[in-house]
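Engineer: no sequence for this one, just the structure:
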Ligand SMILES: Cc1cc2nc3c(=O)[nH]c(=O)nc-3n(C[C@H](O)[C@H](O)[C@H](O)COP(=O)(O)OP(=O)(O)OC[C@H]3O[C@@H](n4cnc5c(N)ncnc54)[C@H](O)[C@@H]3O)c2cc1C
Ligand code: SF4
Ligand code: SF4
Ligand code: FES
């Protein structure tokens, strides 16, 4: 019997949707991606750009930390094209910070994150603009990436395997087959105002902080509270590697170099509407003070941009069990009795590949297929091929 | 950011499908220190959901948000409203020139990105030597192993401002020639010089530096084009004397 390719519709082209489209297409499926804006126009484009070593989570959330370091190593191989990799530092500025050091070192060892304690003198030799009052310093394998280009590299690789991307197309409502089974999506082409239905074997909702909105009225549910964070970019590059404050995760705890800039972040609060969240002056001021504490030279820089993006906080009263703890993945058949629909949300940019892998595994399982994931083993296509007319195929 | 409030009229270029383009005005209350892109995004969020525009990083690293603002190419995510108008004033927003318009403010980057790809210019470069040679001492102390994302964010502002690109779509264009210059400096790959040594390459440029004037990311494409010309001529001379491979 000839294998008829299953057709999967992915809603959302952030890191998650792009990585998933690539994984599914690489496993031989037909993939259609529906994205309301341009690639990475939601949360993904506006991240910090930290390729996490896992150091930030190695005490509070070791499962996340292990996932980060594993994916950090894979992305450095497959997405080298858009990652600056100079390592990173965790630095203690106060006695209280320094008291966290033993737990940090233990946590990193337990998670398999290669760290090394270096003297403050050595740290200042590596990063002369670091606060000279640093007390305790560890090196970690952090990096920074260009958010749009990382997403484009996954999308380009998806296109290479035949995935079709439709930017500026908004998913309006899910289309049902008359039973409780999703058979497609009604899509608005925002470039000309026309609408049409796209049908497939399965729909994956990869809309991040919008995951709840997209399902509204469908009977399927995800309770998402957008939890934005503010980031501020400065116009000079005074460091060559991410500088993390040696504390449990908190506000303004990291400053990242990117191109000729530095970016400090971030904060965390809850917002009502995810479509437009203003950047408040107070938070920009707070970021400035936190940045100056780590790298005093920030005081002599000019602010280049201030922006925010929203994490999807999935509500406690959520029905249905997430298939993973480090991100949320729901089979709505299990959660709401609706078939043909999967939601994937949460996680990190750094872990988007493995999120896609686990979601694609679930898709395969639902379709009764067993096809192995290969995305960890091959370099991504050049991000520029996303825009080339034939997706880089000869 | 400040607590000041201005009333500003955004005059936005609209275009859907085959319909003729037109302008539409939106009056907004803004903080003058907000960026032009914030205004555009708010128009989408609160006034007109059909507005199409390109954006991603909101801090000048991705190059997606280039537009014409009051007639000049700007990276809208780092262009404060204060820098382009005054209280009660206008902000006219249009798509970049010299690119096909997809809809409203969004343009098609395919030809541009294809040409960039043909130069094989890497996005990640060694920090040392990544600045322009006349930026004395910048990053020179950096460890040779350190790397960073390159300056060109592929925003297309320079191509929009280029008077030659208007008349000659075949012209490689400033960012592409600048990318070839940088790639050649890093790799010494002579094929790049040959490719750019043609009517649609370095010799088409009028050396007016309009591209450099609008580049938001310190690439100085016009300087790089002049440098590439020197390299092209150097290679021709070597060839003449049978020294080049
Ligand atoms: C402040 C902040 C900083 C962060 N920094 C880092 C970091 O440094 N490193 C790291 O690894 N991770 C970081 N993260 C986490 C990371 O950014 C997210 O995990 C990631 O971007 C989520 O990607 P996504 O694809 O799931 O969501 P999104 O990028 O939001 O993608 C969802 C997409 O769905 C689209 N969409 C919405 N509704 C519809 C519709 N109706 N039809 C079609 N499309 C629709 C949206 O336009 C959007 O593009 C950060 C997060 C925040 C909030
Ligand atoms: S200097 Fe050359 S490339 Fe730059 S705008 Fe002028 S003609 Fe175009
Ligand atoms: S050279 Fe400058 S203006 Fe041109 S695409 Fe690159 S960053 Fe943009
Ligand atoms: S949105 Fe990325 S450069 Fe402006």
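Structural biologist: In hand now; what should we look at? Computed from a predicted structure; not experimentally measured. Ligands and ions are numbered 1, 2, ... in the order given.
Engineer: all strands for the stretch 251-394 of chain A, in order.
Structural biologist: A:254-258, A:261-265, A:303-314, A:328-331, A:341-345 (DSSP state E, counting those that start in this stretch).
Engineer: give me the pLDDT value at residue 219.
Structural biologist: Reading this off chain A. Model confidence at residue A:219, given as pLDDT, is 93.
Engineer: um, chain B though
Structural biologist: 98.
Engineer: count the neighbours of it for me.
Structural biologist: Neighbourhood size, residue B:219 [other Cβ atoms under 10 Å in any protein chain shown]: 25. Where you see a C-beta, it was placed from the backbone N, CA and C, and this is true even at glycine.
Engineer: my guess is it meets residue B:151, correct?
Structural biologist: Yes: in this structure residue B:219 lies within contact range of residue B:151 using Cβ atoms under 8 Å: 4.9 Å.
Engineer: could you list the low-pLDDT ranges of chain B?
Structural biologist: B:1, B:244-245 (pLDDT under 70).
Engineer: can you check chain A too?
Structural biologist: In chain A (pLDDT under 70), the answer is A:1-3, A:316-317, A:319.
Engineer: who's in contact with the residue positioned nearest the centre of it?
Structural biologist: Centroid-nearest residue in chain A, with Cα atoms, centre = their mean: residue A:349, separated by 2.2 Å. When contacts are counted by Cβ atoms under 8 Å, 6 or more residues apart in numbering or on different chains, residue A:349 touches A:15, A:44, A:47, A:49, A:145, A:147, A:150.
Engineer: could you redo the last one with a cut-off of 10 Å?
Structural biologist: A:14-16, A:19, A:40, A:43-44, A:47-52, A:71, A:75, A:145, A:147, A:150-151, A:355 (Cβ atoms under 10 Å, 6 or more residues apart in numbering or on different chains).
Engineer: again, but for residue B:161
Structural biologist: B:68, B:72-73, B:96-98, B:174, B:208-215, B:221.
Engineer: ok, residue A:145 next?
Structural biologist: Taking Cβ under 10 Å, 6+ apart, we find residue A:145 in contact with A:47-51, A:75-76, A:79, A:81-85, A:151, A:153, A:256, A:258, A:349-350, B:61, B:123-124, B:149.
Engineer: and the strands in chain B?
Structural biologist: In chain B, the strands defined using DSSP state E lie at B:6-14, B:22-30, B:66-69, B:72-75, B:90-94, B:101-103, B:106-107, B:124-126, B:147-149.
Engineer: from the contact counts, what lies against the second one?
Structural biologist: The one in question is strand B:22-30. On a contact count with 3 or more Cβ pairs under 10 Å, 6 or more residues apart in numbering or on different chains; DSSP states H and E, strand B:22-30 meets strand B:6-14, helix B:36-42, strand B:90-94.
Engineer: pick the most buried one from the ones you listed.
Structural biologist: Using mean count of other Cβ atoms under 10 Å in any protein chain shown, the stretch among the helices and strands packed on strand B:22-30 with the largest mean neighbour count is helix B:36-42, at a mean of 23.
Engineer: is that helix anywhere near ligand 1?
Structural biologist: No: taking Cβ under 6 Å from any ligand atom as the criterion, helix B:36-42 and ligand 1 are apart, separated by no less than 11.8 Å.
Engineer: elements contacting that helix?
Structural biologist: If you count contacts as 3+ Cβ pairs under 10 Å, 6+ apart, helix B:36-42 packs onto strand A:303-314, strand B:6-14, strand B:22-30, strand B:66-69, strand B:72-75, strand B:90-94.
Engineer: the inter-axis angle of the third one versus strand B:6-14?
Structural biologist: It refers to strand B:22-30. 160 degrees (axes from the mean of the first three to the mean of the last three Cα atoms, to 10 degrees).
Engineer: from what I can see residue B:37 touches residue A:306, true?
Structural biologist: No: using Cβ atoms under 10 Å, residue B:37 makes no contact with residue A:306, being 11.5 Å away.
Engineer: for the two, list the residues in contact with both.
Structural biologist: B:58, B:77, B:78.
Engineer: who wins for neighbours among the residues you listed?
Structural biologist: residue B:77 (30 neighbours).
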